[in-house]
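# How does the following fold in three dimensions:
(chains A, B, C and D, ligands or ions: 4)
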Amino acid sequence: MHDRRTILPIDEKPSSPELHIPEPLYRPGDKPDFSHIHVRRSDNLERPDVLVDSYETERHAGGLIRVMNMDGDASGPWMPDISADTLRQGLRSMLTVRLMDDRMFAMQRQGKLSFYLKSRGEEAISVAQALSVRKSDMVFPTYRQQGILVARNYPLKRMMCQCLSNAGDPALGRQMPTMYSSKEYGFFSISGNLGTQFIQAVGWAMASAYKNRDDLAMAYIGDGSTAEGDFHYALNFASTYRAPVILNIVNNQWAISSFQGIAGGQSKTFASRGLGYGLASLRVDGNDFLAVYAVTRWAAERARRGGGATVIEHYTYRAEGHSSSDDPSKYRPSEEANAWPYGDPIDRLKQHLIKLGEWSDEQHAELLEELSEMVRETYKEAEALGSIASGTGIDPKTMFEGVYEHMSPKLEEQAELSGVGSWRE
Amino acid sequence: MHDRRTILPIDEKPSSPELHIPEPLYRPGDKPDFSHIHVRRSDNLERPDVLVDSYETERHAGGLIRVMNMDGDASGPWMPDISADTLRQGLRSMLTVRLMDDRMFAMQRQGKLSFYLKSRGEEAISVAQALSVRKSDMVFPTYRQQGILVARNYPLKRMMCQCLSNAGDPALGRQMPTMYSSKEYGFFSISGNLGTQFIQAVGWAMASAYKNRDDLAMAYIGDGSTAEGDFHYALNFASTYRAPVILNIVNNQWAISSFQGIAGGQSKTFASRGLGYGLASLRVDGNDFLAVYAVTRWAAERARRGGGATVIEHYTYRAEGHSSSDDPSKYRPSEEANAWPYGDPIDRLKQHLIKLGEWSDEQHAELLEELSEMVRETYKEAEALGSIASGTGIDPKTMFEGVYEHMSPKLEEQAELSGVGSWRE
Amino acid sequence: MARMNMIEAIRSTLAYQMSKDDDVLVFGEDVGYFGGVFRCTDGLQETFGLKRCFDTPISEGGIVGVAIGMAAAGLRPVVEIQFSDYIYPAYDQIASEAARLRYRSNSDFCAPLTIRTPVGGGIYGGETHSQSPEALFAHICGLKSVIPSNPYDAKGLLNTAIETNDPVMFFEPKRLYNGPFDGDPDKPALGWDSSEFGEVPDEEYRIPLGEARVLREGNAITVLAYGTMVWVAEAATREQGIDAEIIDLRSLIPLDIETIQQSVEKTGRCVIVHEATRTCGFGAELAAQVQERCFYSLEAPVARVCGWDTPYPHALEWNYFPGQKRVAEGLAKVLEAA
Amino acid sequence: MARMNMIEAIRSTLAYQMSKDDDVLVFGEDVGYFGGVFRCTDGLQETFGLKRCFDTPISEGGIVGVAIGMAAAGLRPVVEIQFSDYIYPAYDQIASEAARLRYRSNSDFCAPLTIRTPVGGGIYGGETHSQSPEALFAHICGLKSVIPSNPYDAKGLLNTAIETNDPVMFFEPKRLYNGPFDGDPDKPALGWDSSEFGEVPDEEYRIPLGEARVLREGNAITVLAYGTMVWVAEAATREQGIDAEIIDLRSLIPLDIETIQQSVEKTGRCVIVHEATRTCGFGAELAAQVQERCFYSLEAPVARVCGWDTPYPHALEWNYFPGQKRVAEGLAKVLEAA
Ligand SMILES: Cc1ncc(C[n+]2csc(CCOP(=O)(O)OP(=O)(O)O)c2C)c(N)n1
Ligand SMILES: Cc1ncc(C[n+]2csc(CCOP(=O)(O)OP(=O)(O)O)c2C)c(N)n1
Ligand SMILES: [Mg+2]
Ligand SMILES: [Mg+2]
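Ligands and ions are numbered 1, 2, ... in the order given. Have a look, this model is predicted:
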């Protein structure tokens, strides 16, 4: 078998320099066991004033802010002021995302889509954050924040059409499935190039501050992608110009097949990176809807009141493969997702609502059914507009449009050559 | 006059987001006053075990390690074990660098060199560090570590020939003045592109560890250049692979005309960046020869014993213009260098040696005279080999060599076309 | 003699180089335990251990940066950039550092590293999994650039690349990993076992950089192609019954201009085919050189059949891809020209 | 009408744009208080305040990255990259992001930003202060690329660039900042006040991108040049008494191919001159297009006179620079060809 080394604890050092290659705890064939992780609410992490100095968030960057325990009880200094209606809305959005993810993934397997990418296990992050900022706050997402569009009531059908690359895709099938864009819904065009959006968000936030608006930017990056230069640029510029931006790191433990230790997450939390730039930095249980909501409210208020950027690490777990192109059983035990000690964000919020007396198993089952039906029907409508399997219905002529604001003579010529006709007529 | 804002203290926040543009304390016309900086030895920063956990260096990253006070007295936990001979050797090297700098700068003004770049005020850093590691440790310098070559006894004449771009330049006048390279002396080829060497040094260190050698790499970067992606890559890779490398940040307060606040140094020390990656991080008085020596010994031992990388911020001041192309009086008060509270590294070491009874003003004057003479004579010899003013004596044919290991037919053709002849004969 | 696809040819060559020379290390995103998203490094970590083949942070600049440092220290790193569309964060390290280290230090230091990266479209990868950026590297002196079109060449060229004491860009046409591709996405995919070029000798061999392969001799017209487009061009000329001489460049820098020149002098006509964006693509350099050298033999202008000057679209992938029809049109135009 | 050098023309245009439109911001390394290492932004901070013109961290990728975010938010950032040799860390943000944002979002977002950067050698800058990387941007669709050769054009083109709703690369030939330069470093330097092109009208005017300037009409040969090389070519043809038509491209993308074509059809001969490395330089694209369009008018192969395929050396700067002698040789070769 593969000769795997156990991780050296941070405090244990080899006796001479040796090339150290970090390895995850478990590989296929191993039995994942996270019992050493002590899951409890960390009431000792107080909720400081939003304009606190960044160094006063040191413990928050190293610890884990939680509000709910694993039974759905919620309390502690970070307990947010949030209505049961909002919670139900969040639950509904999260479920919608999950059902849509499942549906689209299945359709990918049937060849209707070239690709799909789920966010299972991470729904609380995008949905709770969407509900905790304004719609006029511009989000700079990765491909795993579909929950934000859903929570902002972006038409599901339009999302599906994007994934189907058909005539209903507002971006004319130009991008791969899941690479949404909507200025109207405050959702920046997703890039395939990891990390680039992080510094762009800072620029957007600087523009907002320059205009003396109090809208902020909210950016996302994966644990793996923090290794790109853009991550560093973002923290640095955000610090220097005190930009009103929330810099979210979604640490879902994996970057395709690489565990978070490869990105340097073994020796220090990702949130801690922010401290070195003088940024407030918080680490939160990303599967705890209430905690995500609470820290985001805090960061948003800080930014709006001129306190500058906050780095938030969302500690979570990518419960499925990286995408439809991936087979995670090749590099991690398939039971790992279930063994993950922080549970499932939807189950946990549901549990909490039930404890509050604001929800029931029956209501949940009904909602599930309603949403499944809605997703199914919406998908049918979307697919009727075409797919890469049946024909996308996208006019080949559009390929030459939008490279520049105005069609250039060169592209006109190429369009003519391609046989799609001319813009000259 | 120019409407300049005072710096907002870290803890003072505006009441709404506003684009914050950091500004230095003083601009031309202002009277520099650093009396608020409390210069004293910080005996409270203990010297921890070299294999200590990185987080135990937090106070060292935020504070300032010093050994000498401004009177030349030395003591405290970081007091290194160093002989008077080594100190005198250091003094000699520092003086040599300074005299050479002055000479070459003057020659630049006379048109013999196209460019020159001094390291005045920063000589202790390169010289003390050169003396505290092995010659087999590879240095990845910026253009301001000429002191390392001098301290390693690289022939001065060869350095001068490099600056004169003449036939004595081992690199055939290919690079601008001061861009030295010497594998033999463990001095990596300097790049004009800021920052790139930082991650290359990590690669070199990884190779050393891979080969189970205990040689380490020692890299330099300026405060301004920490903003490049390479800085982030270096800290990240060094952390992940526990590379035996010393990552030096020379914070000389300025990056051409930009003060260190533009690079984000206003809110947190540069050394603090290292902590977020789980790297031991120290901040040292860069004008204190003993302190620089001591922290470097510590970091080197840590690296050699498998403890991985250390980030060292050298707090210093660029006492002259950025280079011969620069006029610092355009952007900072010309008295600022003298007002700088940490003094001059050469004066301070001289003072210390005198206090030790190991040096005297007379010896110093003699040494100065000896070295001035030596520099003058060496320069004469170097210039006899040519200059851009009098003709470099470099064979135009060499322009086509060394692009690849072997001359390519295409370059042969171009060489022929250029009239310098053929390699075919 | 084994039948191999291009992935296997690459993997076995890496394994050979690693077993022959301890200084050869392989690293990149997902290349370690997992074996690479295209499986080109599958099994190498298991065979050679964690330190010889490992995962890196998602930091293309960092990957190339450490590789340069390692190479300067005497190792021979072979790094993978997961998709060539993601190579740009490493552009500074490649163009300013790897490419110039030898020159600026007068060979005091050098950077013998190989950068493997998949190029080209045809897998519904959209604008960020389909690009062909070879021209951006061909413009940078100090780099060599190689692109095999089949398993046999992949092995021979990769062996040479790794052993070369200069930095080499090794572009892998991803649409050819599993089999030749004639440009028709509707046909059932063929494996390399259907092709003589899938026959890869067990013994080690090297193909010198700078030697093109005349894939097929012909007299009517010269077709210059590389990577995926070699097979599209081959099919197009075959289908059209054109007596074309097809030259698979294999190595862009150094370029085998002699072979090209001989051919064009013979045929008097030339079509260049590549997938990359037309403007300032490598085809421009080829066209420039062909007319510089063969002007008096040319009976028609040199034509280029290329990707359009747009990003690579997802839904309209096959409208973008310069398939057989476009190649045939280009050939016809050149053949018909007086 | 004022006499201006190129620096003053650029500075006054920036000032005009900033005063006209609050959304125009100027930033980059050392551009704030200090006014830029070439002084192109001198006084702007004083006039418009800290928030309109400021220094940035030394992070070219960060500079362009924030500019894209600002532009998407409705501003019109004009950023300076101190030397084009240092633009590579920003290459990903430029090529993958700025250039494609409009396309990939179907114009939902766009990035109207201008990237100013000095190019070219002739100042003893060695390999990292002398490069001409325009071809690397011309290959990327979605970008426009402009390069003025004189103060008059600099103003007209910069006004247009800033007002364009697409990202524009604005290359400034640094050797021309203070005066025209005919390629002879031993002659006393001339100022722009010696040239009619140093006359810059006070009123605002715009030069459309994509319109070349026929600097001088002629019948014997067409010379295509841009930036510094326009003046070298001009001097070389004048010295040699050649009846050359000199076309200053001014804008590479979009390219004024009509003007080029008309000229070459008239003269039947064409020489392309640029300072950048020859292989895959913009000259390759020009040569390819000229022979595509004017093949039947050409009496000789299109020739390129370019920088050699080596890094720009410090001591041998003037051996590298394609000066009058090399241009004259190129012209002679093409003129002599049957
Ligand atoms: C610049 C760049 N490099 C590599 C890739 C290929 N890639 C796509 S997703 C991915 C993993 C990202 O992991 P992470 O940042 O943790 O985000 P997650 O997928 O876990 O949400 C990689 C390597 C890319 N898209 N862009
Ligand atoms: C990538 C890159 N960007 C910009 C420059 C231009 N430049 C040369 S030195 C310098 C300032 C560097 O400041 P710092 O890093 O603090 O080093 P110092 O000069 O103070 O030693 C700049 C901006 C460069 N050489 N490389
Ligand atoms: Mg992840
Ligand atoms: Mg500095």
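# mind listing the strands for chain A?
Applying DSSP state E to chain A gives strands spanning A:138-140, A:217-222, A:245-251, A:254-255, A:258-259, A:280-285, A:310-315.
# and the residue in the stretch 101-250 of chain C that chain B sits nearest to, how many residues sit next to it?
At 3.8 Å from chain B, C:Ser105 is the closest residue in the stretch 101-250 of chain C, using CB to the nearest CB. C-betas here are computed from N, CA, C, even on glycine. If you count neighbours by other CB atoms under 10 Å in any protein chain shown, C:Ser105 ends up with 25.
# Could you tell me how far it is located from ligand 1?
Separation of C:Ser105 from ligand 1 (CB to the nearest ligand atom, to the nearest Å): 30 Å.
# C:Met18 too?
Remark: distance between C:Met18 and ligand 1 (CB to the nearest ligand atom) = 23 Å.
# One more: C:Leu157?
Going from C:Leu157 to ligand 1 by CB to the nearest ligand atom gives 24 Å.
# count of neighbours near that residue?
25.
# In a helix, it, correct?
Yes. Looking at C:Leu157 with DSSP: H, G, I helix; E, B strand; the rest coil, it is inside a helix.
# List the residues that contact the residue in the stretch 1-150 of chain C positioned nearest to ligand 2.
Of all residues in the stretch 1-150 of chain C, C:Asp92 sits closest to ligand 2, at 7.4 Å by CB to the nearest ligand atom. Shown in contact with C:Asp92 (CB atoms under 8 Å, 6 or more residues apart in numbering or on different chains): B:193, B:196, C:61, D:88-89, D:91.
# biggest separation within those, which pair?
Using CB to CB, the contacts of C:Asp92 reach their maximum pairwise distance at B:Thr196 and D:Tyr91, which is 13.8 Å.
# Which one's more surrounded, those two?
A count of neighbours by other CB under 10 Å puts B:Thr196 above the other of B:Thr196 and D:Tyr91, at 28 against 24.
# list the contacts for C:Pro89?
A:228-229, B:229, C:59-61, D:61, D:91-92.
# can you put these in JSON lines and add pLDDT?
Formatted as JSON lines, the contacts of C:Pro89 follow (pLDDT from 0 to 100):
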{"residue": "A:Glu228", "pLDDT": "98"}
{"residue": "A:Gly229", "pLDDT": "98"}
{"residue": "B:Gly229", "pLDDT": "98"}
{"residue": "C:Ser59", "pLDDT": "98"}
{"residue": "C:Glu60", "pLDDT": "98"}
{"residue": "C:Gly61", "pLDDT": "98"}
{"residue": "D:Gly61", "pLDDT": "98"}
{"residue": "D:Tyr91", "pLDDT": "98"}
{"residue": "D:Asp92", "pLDDT": "98"}
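# Look at the closest residue to ligand 3 within the stretch 101-250 of chain C and say how many residues are nearby.
Closest to ligand 3 within the stretch 101-250 of chain C is C:Thr128: 17.7 Å, counting by CB to the ion. Residues lying near C:Thr128 (other CB under 10 Å) number 22.
# mind listing what it touches?
A:176, A:191-193, C:83, C:85-86, D:96.
# One more: A:Val295?
Counting by CB under 8 Å, 6+ apart, A:Val295 touches A:65, A:78, A:282, A:284, A:312.
# Measure how buried the residue in the stretch 301-425 of chain A that chain B sits nearest to is and give me the count.
When scored by CB to the nearest CB, the stretch 301-425 of chain A has A:Gly306 as its residue closest to chain B, at 4.1 Å. Number of residues near A:Gly306 (other CB under 10 Å) recorded here: 20.
# That one is in contact with B:Glu18, isn't it?
Yes. Between A:Gly306 and B:Glu18 there is a contact under CB atoms under 8 Å: 6.2 Å.
# Find residues that contact each of those two.
By the contact definition CB under 8 Å, 6+ apart, A:Gly306 and B:Glu18 are jointly contacted by A:Arg242.
# Generate TSV for the strands of chain A, with mean neighbour count as supplementary columns.
Below are these laid out as TSV (neighbours: other CB atoms under 10 Å in any protein chain shown):
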stretch	mean neighbour count
strand A:138-140	29
strand A:217-222	29
strand A:245-251	30
strand A:254-255	24
strand A:258-259	26
strand A:280-285	29
strand A:310-315	29
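# Among those strands, single out whichever gets nearest to ligand 1.
Closest among the strands of chain A, once you apply CB to the nearest ligand atom, is strand A:217-222, at 2.1 Å.
# Can you list the strands that that closest one pairs with?
Partner strands and pairing direction for strand A:217-222 (DSSP bridges) are strand A:138-140 (parallel), strand A:245-251 (parallel).
# near ligand 1 at all, that strand?
Yes. For strand A:217-222 and ligand 1, the contact criterion (CB under 6 Å from any ligand atom) is met by A:Gly222.
# so, in contact with ligand 3 or not, that strand?
Yes. Judged by CB under 5 Å from the ion, strand A:217-222 comes into contact with ligand 3 through A:Gly222.
# Check for me that C:Ile115 belongs to a helix.
No. With three-state DSSP as the criterion, C:Ile115 is assigned strand and is not in a helix.
# For burial, what's the neighbour tally of it?
That count, for C:Ile115 with other CB under 10 Å as the rule, works out to 29.
# circling back: out of the contacts of C:Thr128, flag the one nearest to ligand 1.
C:Tyr86 (3.6 Å).
# give me every residue that touches that closest one.
C:Tyr86 makes contact with A:193-194, C:60, C:128, according to CB under 8 Å, 6+ apart.
# I'd like to know how far it sits from D:Gly142.
C:Tyr86 is 18 Å from D:Gly142, where distance means CB to CB, to the nearest Å.
# for C:Ile207, same thing?
Distance of C:Ile207 to D:Gly142, given as CB to CB: 36 Å.
# neighbour count winner among those two?
The neighbour comparison of C:Ile207 against D:Gly142 (other CB under 10 Å) goes to D:Gly142, with 26 against 21.
# now the residue in chain A that chain D sits nearest to, nearest residue through space, not along the chain?
Closest residue of chain A to chain D, CB to the nearest CB: A:Gly203 (2.5 Å). Nearest residue to A:Gly203, sequence neighbours excluded (CB to CB, 6 or more residues apart in numbering or on different chains): D:Gly69, at 2.5 Å.
# how about whichever helix or strand that neighbour is part of: buried residues?
Here D:Gly69, judged by DSSP states H and E, is contained in helix D:60-72. Applying a neighbour-count criterion of 16 or more other CB atoms under 10 Å in any protein chain shown, one finds D:60-72 buried in helix D:60-72.
# what about stretch C:91-101 and ligand 1, any contact?
No. Stretch C:91-101 is not in contact with ligand 1 by CB under 6 Å from any ligand atom; minimum separation 11.8 Å.
# ditto for stretch A:122-130
No. Residues of stretch A:122-130 contacting ligand 1 under CB under 6 Å from any ligand atom: none, with a closest distance of 7.7 Å.
# Helices of the stretch 101-250 of chain A, start to end?
A:123-132, A:146-151, A:156-164, A:196-210, A:229-241 (DSSP state H, counting those that start in this stretch).
# just checking, A:Asp344 touches A:Asn287?
Yes. Contact between A:Asp344 and A:Asn287 holds when scored by CB under 8 Å: they sit 6.9 Å apart.
# Lovely, talk soon.
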